[in-house]
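In: Quick one: sequence and predicted model below, then my questions.
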Amino acid sequence: MLTLIRDASEVLTMKRGIGVVKNTSVVIENGTIKKIGAIKASTKVRTIDAQGCVVCPGFVDSHTHLVFGGSRENEFAMRMKGMKYEAIARAGGGIANTVRKTMRASESELYELGLKRVRNIMKHGTTTVESKSGYGLMPDTEYKMLRAINRLKKRAPIDVVSTLLVHAVPRKMKRRDYIKLVTREMIPYVAKQKLASFCDVFCDNIAFTRTESKEILSVARDYGFKLKIHADEFANLGGSKLAAELGCTSADHLLVSTRLDIMAMKTAGVIPTLLPGTSVFLRLTKKPNVAAFRAAKSAVAIASDFNPGSCMIYSMLKIIALACLAYGMHVEEALIGATKNGAKALGLDERIGSIEEGKQADLVVLDVDNYKKIPYQFGEDMVRYTIKKGKVIYGKNH
């Protein structure tokens, strides 16, 4: 049976730029986009009303920490009183706080928490999400997190991409001992069990040095992982240039990346991923050099970085607005960053991220009549339908 998303005010194809097609429909067959345009009337067509709406690709959230135990609202309150994120981390808060709570949670509890969050994000138009480990640090808890993420991958209504994140050195371990544990035990085990597609490392002054990050990612690459890196968030340790050197799929945060860093990533085909929700949540004054990314013609992605410590925002609609308001991105850049370029940051752009014939029918129908209202009407609940592989997985009347 065909499905017709009928009479949209605008369809954003993302094929060339934002690719606006006005007053049209989208035809879906067997979970795949068949045509952009009208079809002849047929009794065998299931219709989804998009009159007065914008239809765009389902949002691709390419950087999250979706599975974790507990919450950190006390640290949020401390930051509002002026305490810095790094100081909270060094006092036993931050990542260590969530590690303790995640260690105490069972795999089933982590799975149920993750599933609840998946159901929330798909109400806001996300159809593909990446989820990292990193709140276990030690093998048993890291594996538990990744197993929970893989249960989501099999059972959640949206696509879930799993990443092994090497996040921080446990307090009671020496740095070299931990890196040996990661490279000689954890990475080989995760690869053998096929628990993750990507390996990511936090390269910054409160985590791993450039040399340490290179060692970890090089081993991961040898075991067949695709690579990501947290880079240039609080300090520039050369993480973005390392991403270029190693051929990482993406480098994320990039608040203090230089023009030379940006050009190196562009030349190497690394997708820069900006995380405006984290900047707002942490009240950071440093902003990424969006003008330099624009001048380099980089395919910039944006993502939520949903996590318990530095961004509890999971709505990509809000992240799109914050990319405009906090980072000065153009509306078109933010929308492309949340769809087509988000897909590139996961290596999935041949299948998702744009509305083209033959691509997977991952779509969101928004209750606005033109795309510029998406960030303009900040905070409004505007999702009429979220569609995954041609099926409505969320709808106001569904």
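Out: Looks like it arrived, so ask away.
In: Let me see the backbone angles for the residue lying closest to Asp159 once chain neighbours are set aside.
Out: Nearest residue to Asp159 in three dimensions, chain neighbours excluded: Thr128, at 4.4 Å (CB to CB, 6 or more residues apart in numbering). C-betas here are computed from N, CA, C, even on glycine. Backbone torsions of Thr128, given as degrees, to the nearest 10, read phi -140, psi 130.
In: Surely Thr128 is in contact with Asp349?
Out: No - the pair Thr128 / Asp349 is not scored as a contact, 10.9 Å apart, by CB atoms under 8 Å.
In: now what about stretch 252-268, what contacts it?
Out: 63, 228-236, 240-241, 243-245, 247, 251, 272-275, 278-279, 284, 286-289, 292-293, 296-298, 303, 305 (CB atoms under 8 Å, 6 or more residues apart in numbering).
In: Any of those buried? List them.
Out: Buried by 16 or more other CB atoms under 10 Å: 63, 228-234, 236, 240-241, 243-245, 251, 272-275, 278-279, 288-289, 292-293, 296, 298, 303, 305, out of those.
In: Sort out which of those are in helices and list them.
Out: Ser240, Lys241, Ala243, Ala244, Glu245, Thr278, Ser279, Ala292, Phe293 (DSSP state H).
In: Looking at Thr128 and Asp349, which is more packed in?
Out: The neighbour comparison of Thr128 against Asp349 (other CB atoms under 10 Å) goes to Thr128, with 25 against 20.
In: in the sheet, who's paired with the more buried one?
Out: Beta-bridge partners of Thr128, counted by DSSP bridges, are Val60, Asp159.
In: show me the contacts for it.
Out: Counting by CB under 8 Å, 6+ apart, Thr128 has contacts 58-61, 158-161, 342-343, 346, 348, 352, 362.
In: For Ala38, state which of these is nearest.
Out: Asp362 (21.6 Å; CB to CB).
In: Now do the contacts for that closest one.
Out: Asp362 makes contact with Pro57, Gly58, Thr127, Thr128, Ile352, Ile387, Lys388, Lys389, according to CB under 8 Å, 6+ apart.
In: Can you check the pLDDT for the residue nearest the centre of the chain?
Out: Closest residue to the average C-alpha location of the chain: Ser62 at 2.3 Å, with CA atoms, centre = their mean. Looking at Ser62, its pLDDT reads 98.
In: Kindly report the same for Leu113.
Out: Per-residue confidence (pLDDT) for Leu113: 97.
In: Give the residue spans of the stretch 1-150 of the chain that score low on pLDDT.
Out: Along the stretch 1-150 of the chain, the parts satisfying pLDDT under 70 run over 41-43.
In: hey, where'd the helices end up in it?
Out: Using DSSP state H, counting those that start in this stretch, the helices of the stretch 1-150 of the chain run over 73-80, 85-90, 95-104, 107-122, 139-155.
In: In TSV, list those helices along with distance to Leu366.
Out: As requested, these are exported to TSV (distance: least, CB to CB, whole Å):
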stretch	distance to Leu366
helix 73-80	30
helix 85-90	33
helix 95-104	33
helix 107-122	14
helix 139-155	25
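In: so which of those helices gets nearest Thr209?
Out: Thr209 lies closest, by CB to CB, to one member of the helices of the stretch 1-150 of the chain: helix 85-90, at 15.8 Å.
In: what's the closest one in contact with?
Out: Applying CB under 8 Å, 6+ apart, the set of residues contacting helix 85-90 is Glu75, Met78, Arg79, Gly94, Ile95, Ala96, Asn205, Ile206, Phe234, Leu282, Gly309, Ser310.
In: what's the answer for stretch 18-38, then?
Out: 2-13, 39, 50, 55, 332, 335-336, 354-361, 363, 371, 387, 389-391.
In: Let's see that with 6 Å instead.
Out: By CB atoms under 6 Å, 6 or more residues apart in numbering, the surrounding residues in contact with stretch 18-38 are 2-6, 10-13, 39, 332, 357, 359, 361, 389-390.
In: Can you give me the end-to-end span of it?
Out: Separation of the first and last residues of stretch 18-38 by CA to CA, to the nearest Å is 21 Å.
In: roughly how far apart are the nearest residue to Arg210 once chain neighbours are set aside and Thr163?
Out: Leaving aside its sequence neighbours, Arg210 sits nearest to Gly238 (CB to CB, 6+ apart; 4.4 Å). Distance, Gly238 to Thr163, using CB to CB, to the nearest Å: 22 Å.
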